[in-house]
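Q: what shape does this take:
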Amino acid sequence: MSHIPNEATKVEVAGATVDFYKLEKDGQSTYYFDTSAEGPPHPMVNAMSGLQAIKGTNDTLVMINHKTPGGLFGKLESDVKYVIEELDGGLVKVVFSYNNDAKAESDLTQTSCGG
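A: Below you'll find the model as predicted:
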């Protein structure tokens, strides 16, 4: 079962190692990617690539992963907001967005899991 809407279209995202999809609705875009079958560093690499794609916008990024990406969250500053939802089969869905009023800015070039 895919957690990416059927009406989303495949798009290119710089630096991505998995397929990304985009769904536009009511003037807002949501980008989706699924790293649930991937191990490190794919979840981190693709989350950072997706966050770069939506930076400075009102768009959202949806990550489907095999577990909560705690290492990723530790690299994010107050400019990135996220909500975690548990899915069937032990998967997680993380919805990212930007807080454009934040004083701290995440370094989206940090794509390694360690350190």
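Q: Ala14 is in contact with Ser49, isn't it?
A: Yes - Ala14 lies in contact with Ser49 (C-beta atoms under 8 Å); the separation is 6.3 Å. Using the backbone N, CA and C atoms, a C-beta is placed for each residue, glycine as well.
Q: who has more neighbours out of these two?
A: Neighbours around Ala14 and Ser49, counted as other C-beta atoms under 10 Å, are more numerous at Ser49. The numbers are 21 against 7.
Q: tell me the SS of that one?
A: State at Ser49, reduced to three classes by DSSP: H, G, I helix; E, B strand; the rest coil: helix.
Q: which residues touch the residue nearest to it when sequence neighbours are not counted?
A: What sits nearest to Ser49 in space, not counting adjacent residues and going by C-beta to C-beta, 6 or more residues apart in numbering, is Gly15, at 3.9 Å. By C-beta atoms under 8 Å, 6 or more residues apart in numbering, the contact list for Gly15 reads Val45, Met48, Ser49, Gln52, Thr111.
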